[in-house]
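Engineer: Below is the sequence, then the predicted model.
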Amino acid sequence: MIPLAWKNVIHKKVRTVVAVAGVAFSILMIFLQLGFFGSVENTAKSVFDQFKFDLVMISPNYRWIAETSHFPKSRIYQGEALDEVRKIEPIFTEYSKWKNAETGMLSKLLVFGFDPRGYPFKNSEIKKNLSEIQKPDTLLIDRLSLPAFGPKDIGLKTEIENRKISIGGQFTWGIGFSADGAVVMSDQNFLRLFPKKSLNNIGLALVTLQDGVSLERGKKILIETFPTDVDVYTRTEIGEKEFDFWLKVTATGPMFGAGVIITFLVGMVVLYQILSTEIMDNIKEYATLKAMGYKNAYFTQTVLKHGALIAILGYLPALGLSFFLYDVTRAATNLPIYMTETRALFVFILSVLMCSISGYLSLGKIRLADPGELF
């Protein structure tokens, strides 16, 4: 067998470089689209990863962490009366605007309120500053909030909801796509900031079960205890529900999904044009091979191999560059964007498929070539 596919790759190096560059760019764009899509999923799950709980109680009208709706506080008392439950901690959330103390620019903000007498967070930095947030109009700010927030120094005074507030401390979270930044405060300061809210209307509540009580059993008992105004989810289920909101309700999912499809098609068209041009430039040579007895199956195999080689040559630099761009993006935006083995393998398969389709579509010229008409 003549290694014709490899010979075609190295024969016209400039054309090969153009093909590899075009395919590499498309693969890189696919990596970026999937990276952003993955960061949405990571965001959805990482919000609840900051809390200590076994189960979470929410309203049936819950949409996402900033639009929780509410259920009556009496459901917490009912839950805590169960032998299987150790404690239930309410969390109050609101979507608001942070005023940059230097420029006056407003940025999207997630506000979390909680009772300092309980401690629902995993973050030890918040615990160290519990005394600070019990001071009037004092909060703790996520140091990973975007630069648009301006200075985040302890003691700084600025505004949320046109109310003067003071920064009493910092913690590390990284809220991702949910908002530009996050703050936590006591439930009393939360009420001062949002006077229309009530501590009797619970947005969500974190349930800690007694030792030895399984999630399945705890969830079943809570569901049987409450009427239809409370839903109960495990940590995995609430993360999936949060992700479903971003995927199905917002434009985020369709936007990144469409981006993958578009870049896939662009790469396929670019390679198709290059392979078709190369085939037409060498059509007499292919016709000669046909006259020598080579069948169409051989040419199909050769062109598909050619496409696969281009895919591999384009994939490797795209993979390396995507690691770099993921790091740059994560540093600049604090988005939880990471490379995974599953994504790397999926994009590789997608790359080979993209180039194989292009190669197969360009085979028409060879199949129709008649040696007798070409000489």
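Structural biologist: That came through, no problem.
Engineer: Please identify the buried residues of the lengthiest strand in the chain?
Structural biologist: Secondary structure of the chain per DSSP state E: the longest strand is strand 85-99. By neighbour count on 16 or more other CB atoms under 10 Å, the buried set for strand 85-99 is 85, 87-94, 96, 98-99. All C-beta spots, glycine's among them, are computed from the backbone N, C-alpha and C.
Engineer: for stretch 69-81, same thing?
Structural biologist: The neighbour-count check on stretch 69-81 (16+ other CB under 10 Å) flags 70-71, 75-76, 78-79 as buried.
Engineer: Same question for stretch 217-226.
Structural biologist: In stretch 217-226, counting by 16+ other CB under 10 Å, buried: 218-219, 221-222, 225-226.
Engineer: And the one helix or strand residue 345 maps to, how far out from the chain middle?
Structural biologist: Following DSSP states H and E, one finds residue 345 within helix 341-361. In this view, helix 341-361 has its centroid 22 Å away from the chain centroid, taken as CA atoms, centre = their mean, to the nearest Å.
Engineer: Just name the closest of the buried residues of stretch 69-81 to residue 250, please.
Structural biologist: residue 70 (22.0 Å; CB to CB).
Engineer: Correct me if wrong: residue 122 contacts residue 52.
Structural biologist: Yes: using CB atoms under 8 Å, residue 122 is in contact with residue 52, at 5.6 Å.
Engineer: give me phi/psi at residue 71?
Structural biologist: phi -140, psi 160 (degrees, to the nearest 10).
Engineer: So what sits opposite it in the bridge?
Structural biologist: residue 202 (DSSP bridges).
Engineer: Could you list the low-confidence segments of the stretch 151-300 of the chain?
Structural biologist: 253 (pLDDT under 70).
Engineer: what sits against residue 52?
Structural biologist: Contact partners of residue 52, counting by CB atoms under 8 Å, 6 or more residues apart in numbering, are 119-122, 206, 208.
Engineer: so how far is residue 345 from it?
Structural biologist: To residue 345, residue 52 is 34 Å away according to CB to CB, to the nearest Å.
Engineer: Residue 140 too?
Structural biologist: 41 Å.
Engineer: Pick out whichever of those two has more residues nearby.
Structural biologist: residue 140 (25 against 10; other CB atoms under 10 Å).
Engineer: Look up which helix or strand the nearest residue to that one once chain neighbours are set aside falls in, please.
Structural biologist: In space, and not counting its chain neighbours, residue 140 is closest to residue 169: 4.6 Å by CB to CB, 6 or more residues apart in numbering. Here residue 169, judged by DSSP H and E, is contained in strand 163-171.
Engineer: tilt between whichever helix or strand comes after that strand and strand 163-171?
Structural biologist: Sequence order places strand 181-186 as the next helix or strand after strand 163-171, per DSSP H and E. Angle between the axes of strand 181-186 and strand 163-171 is 100 degrees (criterion: axes from the mean of the first three to the mean of the last three CA atoms, to 10 degrees).
Engineer: Residue 116 in helix, strand or coil?
Structural biologist: coil (DSSP: H, G, I helix; E, B strand; the rest coil).
Engineer: My read is that it contacts residue 185, right?
Structural biologist: No: counting by CB under 8 Å, residue 116 does not reach residue 185; the two are 9.4 Å apart.
Engineer: Can you check which residues contact both of these two?
Structural biologist: residue 133.
Engineer: Comparing these two, which residue is more hemmed in?
Structural biologist: More crowded of residue 116 and residue 185, by other CB under 10 Å: residue 185, with 27 against 19.
Engineer: Once you drop chain neighbours, what's closest to the more buried one?
Structural biologist: Per CB to CB, 6+ apart, closest to residue 185 is residue 139, 4.1 Å.
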